[in-house]
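Visitor: no sequence for this one, just the structure:
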C-alpha cells in the first residue's frame, strides 16, 4: 500500500469523464446505484489512464475503512464462531472491526457476500469457501482490485492467495488409527462432498490409516453424505442394514457423527462396545452428548488469529504479484471421549 | 424517503466548503480517514444549510447500499443464528444483503458495531442489545441520522423505535406452571442479569405462576447467575447445598439449564423424578442431551422475518418523528421433553 506506481488519481478519471469523484469511486466498486453504462466507461477510462487495481482499492477510498469482512458458510456451526473469535482478537488489537457475512453454503449467496464487502469498502476479506462453490471468479475479483484475501479452513490452492488450514489428512489418519487401537476392525467412513478439499483429505487419511495397519479396505463401508444430522442418520442406517456391519465409524464431521449416534442408539447397539464412533471439528455440543462424542480438535481460535495476522502482513508489505502466497497448516489434536474409548485411562 | 423537505444537496455543502462531495459524505458518516476539524465544520455547515438527517442518510449517499446491518450479542448462540435466517429470508426477497456484527455481549464492542455499520453505509440496522449495555446513546445516533433501527428480542422501550420481542413473561409463566403440573412444589429459578428486560420479565412470570397456584415464594430458591453453562452449574450447586433443595428448576435460558443439568447429574439426582428441569430459548443442543431438555420456543425465524419487515415498512413510509413505533410481541410455546416430563403422553 505504501508504493504508488501510477500518479493517476480518482479525480483524474472524474475530470476526464466530467462526473464526480464519488461516482467514479462507486462505479469502480460496482455500486448498485450506478448505471451499467457509467460503470463500463469508468472502468475503461481507469484502464486507459493506467490505473493499478491496488491503487484503486487503497487510495480511491480516501483512506482505510478499518473493516475486515469475513465470509463463513454458516453462523450456526460453532467451529466458525470460534474462528471469528480468533479473527476479532487480532483485528481489535490492530484497531479493526469485523463484519460477518454468511453464505449459507450457497454459491450465489457467497458471490453476493463478496459484492457486499466490496461495497462496504472493507480493507480485506477472510473467507471459508461454501460447499456448493466450484467457480472461484468472485474471489479473483477481490485480487484484481487489490483487496487482500485470506482463506481459512475451506481453502483452494488455485486462487494463489494465502490461507490457514488444518491438516485434515493427519486428523483423519489419527482418528482412524485411534479406532484401530480401540480394537475396531470393520471401520466405516461417512464422508462429505468430495469436491470439497477438506472432506477429500479426510477420506484419504482414513484410507491410508487402514493401509498402514494392514486392514483391507471394504468399499461397502464408505458412504457419502451431505454433512448434516439427517444425512448422518441416513448414512448410518444404510451401514447398519448392510452385510458387513461396522464396529467403528469415523464420521467426516460432528453433525454427521451426531446423526450417526442417534441411528446407533435407535438400533439398540452399545456404544462404544459394539460400535465406536468418532467425529471431526469439536463442535460445542459434542461434550454434552451421552455418550460424549470423540472428535478432532482443529485449533479454531488459532486459525482465526493466524488468518487475521496474514491479512495484516499483506497489508503492511503491500501486494507483490510475484510474491508467494503463504500456506499455514495447523496440526489437529484427537479428543477421545466416551463414544470411542473402550480401554485405557 | 419519498418526500424532500429541504432542497440542499451534498454538493451544496461541498461547494460552500470547497471540498469534494465524497469528503462531505464521509465526514457526515464519521469516517476515520477524515480529520475531526473537517467533520466539525461539515456538520456545522450542514446544520446552517438546514439539512434534514433523513435526507443526509438517504440521498447524500447517492443511492441505497442495499445492505442491512445486524448486531447480535453472540454468533455462538443458535437462537441468534436462527433469527438471522428469518432476517435473510425477507432481506433477500427485497434484494438486500445482510451483514452481521457480534458485540460479544460488550458495550464498547456494540458501540463500535454501530459505528462500523454507519461507515459501511447500511440502509438500516436490526439489533439485539448486549447484556452489558445500559447507555443507549449509540443507537440514538442512528435515529439522529435517519437510519432505520429495529430492535429484536433484547429491546428497550426508551429508544422509541420499533421492535419484535417474545412474550417472555408468558413463556416463564407457562414453564413454571408446567413444573407445577408435573407435581413440583419447591420450584427454584436460576435468573439472569436483572437490568436486562427479558430476564426480569422471566422472573416475574415465574413469581406470578407460583402466586396463581398458591405456592409460597421462597427467596432462597431464587439465585441469580451470569447466563452461561459455568454459572448454571454454580447456581445449581448452591441450590443443592441449601436447606430447601428444589424438586423443580426453571432456568432463565438453555445454557444455564445445561449447567444445572450437569450439576444435578453429578449430584446423583434423578431427572425428572427427583428434580425436574426446564430452560428457555430452544437452543439447538437441547434435544440431543440425555435427558433431552424441556424449554420454551421463541419463534426465532418469525422474529427475524418480522424485524426485517418492520425495517422495510419504515423505509417505504419514510420517517415520521411523530409516528408511533411498532411493538410486535410474539407468543412463545412450551416444548416438553424428558428433563421435566414425569407423566403424560
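Guide: Great, that's in hand. As the structure is a computational prediction, the values presented were derived from the model and not from experiment.

Visitor: drop to CA atoms for contacts and neighbour counts, all remaining ones
Guide: Noted.

Visitor: low-confidence ranges, chain A, go.
Guide: Counting by pLDDT under 70, the ranges of chain A that qualify are A:1-7, A:30, A:51-63, A:319-323, A:344-345.

Visitor: what is the burial count for the residue in the stretch 201-345 of chain A that chain B sits nearest to?
Guide: The stretch 201-345 of chain A approaches chain B most closely through residue A:289 (5.4 Å), counting by CA to the nearest CA. By other CA atoms under 10 Å in any protein chain shown, the residues close to residue A:289 number 20.

Visitor: for it, give me its contacts.
Guide: B:288-290 (CA atoms under 8 Å, 6 or more residues apart in numbering or on different chains).

Visitor: my read: residue A:13 touches residue A:44, true?
Guide: No - with contacts counted by CA atoms under 8 Å, residue A:13 stays clear of residue A:44, the gap being 9.9 Å.

Visitor: so between these two, which is more surrounded?
Guide: residue A:13 (24 against 14).

Visitor: that one is in what secondary structure piece?
Guide: helix A:10-17 (DSSP states H and E).

Visitor: is that helix anywhere near chain B?
Guide: No - if you take CA under 8 Å from any CA of the partner chain as the test, helix A:10-17 misses chain B, and the best it gets is 9.8 Å.

Visitor: hmm, who's touching that helix?
Guide: A:20-21, A:23-25, A:42, A:45-46, A:49, A:56, A:60.

Visitor: list the buried residues for the helix or strand following that helix?
Guide: Next helix or strand after helix A:10-17 toward the C-terminus (DSSP H and E): helix A:21-28. Across helix A:21-28, burial judged by 16 or more other CA atoms under 10 Å in any protein chain shown covers A:21-28.

Visitor: tell me what the one helix or strand residue A:101 maps to is packed against?
Guide: Assigned by DSSP H and E, residue A:101 falls within strand A:97-102. Applying 3 or more CA pairs under 8 Å, 6 or more residues apart in numbering or on different chains; DSSP states H and E, we find strand A:97-102 packed against strand A:67-72, helix A:78-93, helix A:107-119, strand B:97-102, helix B:107-119.

Visitor: show residues contacting the last one.
Guide: The contact list for helix B:107-119 (CA under 8 Å, 6+ apart) reads A:65, A:67, A:97, A:120, B:26, B:29-31, B:69, B:71, B:101-103, B:125, B:130, B:132-134, B:138-139, B:142.

Visitor: at 7 Å instead, please
Guide: The contact list for helix B:107-119 (CA atoms under 7 Å, 6 or more residues apart in numbering or on different chains) reads A:97, B:29, B:31, B:69, B:71, B:101, B:103, B:130, B:132-133, B:138.

Visitor: got the angle between it and strand A:97-102?
Guide: Orientation check (axes from the mean of the first three to the mean of the last three CA atoms, to 10 degrees): helix B:107-119 against strand A:97-102 gives 70 degrees.

Visitor: buried residues of the next helix-or-strand element following helix B:107-119, list them for me.
Guide: Heading C-terminal from helix B:107-119, the first helix or strand you meet, by DSSP H and E, is strand B:124-127. With burial defined by 16+ other CA under 10 Å, the residues of strand B:124-127 counted as buried are B:124-127.

Visitor: same question for stretch A:287-307.
Guide: A:287-289, A:291-307.

Visitor: from those residues, which land in strands?
Guide: A:295-297 (DSSP state E).

Visitor: got those residues as JSON lines, with distance to residue A:283 columns?
Guide: Formatted as JSON lines, those follow (distance: CA to CA, whole Å):
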{"residue": "A:295", "distance to residue A:283": "9"}
{"residue": "A:296", "distance to residue A:283": "9"}
{"residue": "A:297", "distance to residue A:283": "9"}
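
Visitor: quick check: closest non-adjacent residue to the closest residue to chain B within the stretch 101-250 of chain A.
Guide: Nearest residue of the stretch 101-250 of chain A to chain B (CA to the nearest CA) works out as residue A:120 at 4.5 Å. Leaving aside its sequence neighbours, residue A:120 sits nearest to residue B:120 (CA to CA, 6 or more residues apart in numbering or on different chains; 4.5 Å).

Visitor: check residue A:153 too.
Guide: Among residues not flanking residue A:153 along the chain, residue A:165 sits closest, at 4.5 Å (CA to CA, 6+ apart).

Visitor: do I have it right that the one you found meets residue A:331?
Guide: No - look at residue A:165 against residue A:331 with CA atoms under 7 Å: they stay out of range, at 9.0 Å.

Visitor: re the thing from before, quick check: angle from the strand holding residue A:101 to helix A:78-93?
Guide: 160 degrees.

Visitor: and the helix holding residue A:13, which residues are buried?
Guide: So, applying 16+ other CA under 10 Å, buried residues of helix A:10-17: A:10-14.

Visitor: ok now it, how far from the chain's centre?
Guide: Its chain's average C-alpha position is 39 Å from that of helix A:10-17, according to CA atoms, centre = their mean, to the nearest Å.

Visitor: tell me the angle that helix makes with helix A:21-28.
Guide: Going by the same axes, to 10 degrees, helix A:10-17 makes 90 degrees with helix A:21-28.

Visitor: what is the neighbour count of the residue of the stretch 101-250 of chain A closest to chain B?
Guide: Count around residue A:120 with other CA under 10 Å applied: 26.

Visitor: and the stretch 151-300 of chain A, which residues reach chain B?
Guide: A:285, A:288-290 (CA under 7 Å from any CA of the partner chain).

Visitor: the residue of the stretch 101-250 of chain A closest to chain B against residue B:123, yeah?
Guide: No - taking contacts as CA under 7 Å, residue A:120 lies outside contact range of residue B:123: 11.5 Å.

Visitor: now do the strands in chain A.
Guide: A:67-72, A:97-102, A:124-127, A:149-152, A:163-166, A:187-191, A:222-224, A:248-251, A:276-278, A:295-297, A:327-330, A:333-335.

Visitor: residues in contact with the second one: which ones?
Guide: Residues outside strand A:97-102 that contact it (CA under 7 Å, 6+ apart) are A:66-75, A:88, A:91, A:113, B:98-101, B:116.

Visitor: higher neighbour count, residue A:165 and residue A:331?
Guide: Neighbour tally, residue A:165 and residue A:331, criterion other CA under 10 Å: the higher count belongs to residue A:165, 24 against 15.

Visitor: for that one, give me its contacts.
Guide: So residue A:165 contacts A:152-153, A:328-330 (CA under 7 Å, 6+ apart).

Visitor: ok, of these, which come out buried?
Guide: A:152-153, A:328, A:330.

Visitor: can I get the residues you listed in JSON lines including distance to residue B:157?
Guide: Below are the buried ones among the contacts of residue A:165 laid out as JSON lines (distance: CA to CA, whole Å):
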{"residue": "A:152", "distance to residue B:157": "41"}
{"residue": "A:153", "distance to residue B:157": "42"}
{"residue": "A:328", "distance to residue B:157": "48"}
{"residue": "A:330", "distance to residue B:157": "48"}
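
Visitor: name the nearest of these relative to residue A:342.
Guide: Distance to residue A:342 across the buried ones among the contacts of residue A:165 (CA to CA) is lowest for residue A:330, with 28.4 Å.

Visitor: would you mind confirming that that closest one is in contact with residue A:169?
Guide: No - using CA under 7 Å, residue A:330 is not in contact with residue A:169; the gap is 11.3 Å.

Visitor: what about residue A:137, neighbour count?
Guide: Neighbour count of residue A:137, defined by other CA under 10 Å: 11.

Visitor: now do residue A:226
Guide: Counted with other CA under 10 Å, the neighbours of residue A:226 add up to 15.

Visitor: for it, which non-adjacent residue is spatially closest?
Guide: Using CA to CA, 6+ apart and skipping residues adjacent in sequence, the residue nearest residue A:226 is residue A:192, 5.8 Å away.

Visitor: tell me the contacts of that neighbour?
Guide: A:199, A:224-227, A:252.

Visitor: how about 6 Å then?
Guide: By CA atoms under 6 Å, 6 or more residues apart in numbering or on different chains, residue A:192 lies in contact with A:199, A:224-227.

Visitor: all set, thanks.
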